[in-house]
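Trainee: Here is a sequence with its predicted model. Questions after.
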Amino acid sequence: MTDAIDWISAAEALDANGWAVLPRLLDPESCHALAALYDAPEHFRSHVIMARHGFGRGEYRYFAYPLPDPVQALRTALYPPLAEIANRWHARMGIAQRFPAAHAEWLAQCHAAGQTRPTPLLLRYGPGDYNCLHQDLYGAHVFPLQVAVLLSAPGGDFAGGEFILTEQRPRMQSRAAVVPLGRGDAVVFAVNQRPVRGSRGDYRVTMRHGVSAVHLGRRHTLGIIFHDAT
Ligand SMILES: O=C(O)CCC(=O)C(=O)O
Ligand SMILES: [Fe+2]
């Protein structure tokens, strides 16, 4: 699942753009099995109807602990290489905090600070549904990178519904990127701020992510956030 990831390219793309695609992280069968969990409420701790909160249109469910095997395995295996990148980013942004090498250790820090509720989630969008630009901050403890895996096939299962990132630069207008994803592809991206190299050293830009309107069909995503929630 994660053994074949080209972390050198991913780190380069993350440093250059604040996001990277991990192609074919999950095979179609795993995508199908994960999306099907959406209808098994015993796996989840809460259910959010996005329109009720002004978050967009569509719905999502936060997994309960213990996480289903593939979600737990991905969260644990993706964390260590991302923690190395996160630590470099913090150094470049002049932030003192560093992340431990193992996810369990980072979660223990979240839990000790009262952030104990699991944040991995499944999202479901139908025609007309979309996800407003947002940041997944759930408390003071924030791991600066997160992952979203597209579980549905663009063109086959759905049309529209593109993953969007915006970058707010100091004293400049924001720029947007559309991330090209196929079924099973993951995008790694900055939760909040990332460093950008300028002529006078690094500065920080602020990222937000969202999803444009789905036109047809049904789109499922798995979101993996590495900090827990208050
Ligand atoms: O559905 C998507 O592609 C975006 C999901 C999302 O906001 C997240 O994983 O944090
Ligand atoms: Fe999100």
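Mentor: That came through, no problem. Ligands and ions are numbered 1, 2, ... in the order given.
Trainee: And the helix or strand where Leu14 lies, what's buried?
Mentor: If you go by DSSP states H and E, Leu14 is part of helix 7-17. Of the residues in helix 7-17, those scored as buried under the neighbour-count criterion (16 or more other CB atoms under 10 Å) are Trp7, Ala10, Ala11, Ala13, Leu14, Asp15, Asn17. No exception for glycine: its C-beta is placed from N, CA and C like everyone else's.
Trainee: and this structure, which of its residues are near ligand 1?
Mentor: Taking CB under 6 Å from any ligand atom, the part of the chain that reaches ligand 1 is made up of Leu123, Asn131, Asp136, Ala148, Phe163, His209, Val211, Thr221, Gly223.
Trainee: Quick one: mean pLDDT over the host helix or strand of the second one.
Mentor: Mapping Asn131 onto the secondary structure by DSSP H and E places it in strand 130-134. Along strand 130-134, the predicted local confidence has a mean pLDDT of 98.
Trainee: so where's the protein shaky on pLDDT?
Mentor: Under the criterion pLDDT under 70, no range of the chain is flagged.
Trainee: what ranges do the helices span in it?
Mentor: 7-17, 28-36, 50-53, 69-93, 103-112 (DSSP state H).
Trainee: tell me what the fourth one is packed against?
Mentor: Helices and strands in packing contact with helix 69-93 are listed as helix 7-17, helix 28-36, helix 103-112, strand 145-150, strand 193-198, strand 201-211, strand 219-224; criterion 3 or more CB pairs under 8 Å, 6 or more residues apart in numbering; DSSP states H and E.
Trainee: about what we covered before: out of the helices of the chain, flag the one nearest Met172.
Mentor: Between Met172 and those, the shortest gap by CB to CB is with helix 7-17, which sits at 15.9 Å.
Trainee: Summarise which helices and strands the closest one is packed against.
Mentor: On a contact count with 3+ CB pairs under 8 Å, 6+ apart, helix 7-17 meets strand 19-22, helix 69-93, strand 186-190.
Trainee: how does it look with 7 Å?
Mentor: The helices and strands touching helix 7-17, judged by 3 or more CB pairs under 7 Å, 6 or more residues apart in numbering; DSSP states H and E, are strand 19-22, helix 69-93.
Trainee: Identify the residue spatially nearest to Gly223, adjacent ones excluded.
Mentor: With sequence-adjacent residues excluded and distances taken as CB to CB, 6 or more residues apart in numbering, Gly223 is closest to Leu121, at 4.6 Å.
Trainee: is the one you found in a bridge, and if so with what?
Mentor: Beta-bridge pairing of Leu121 under DSSP bridges involves Tyr62, Gly223.
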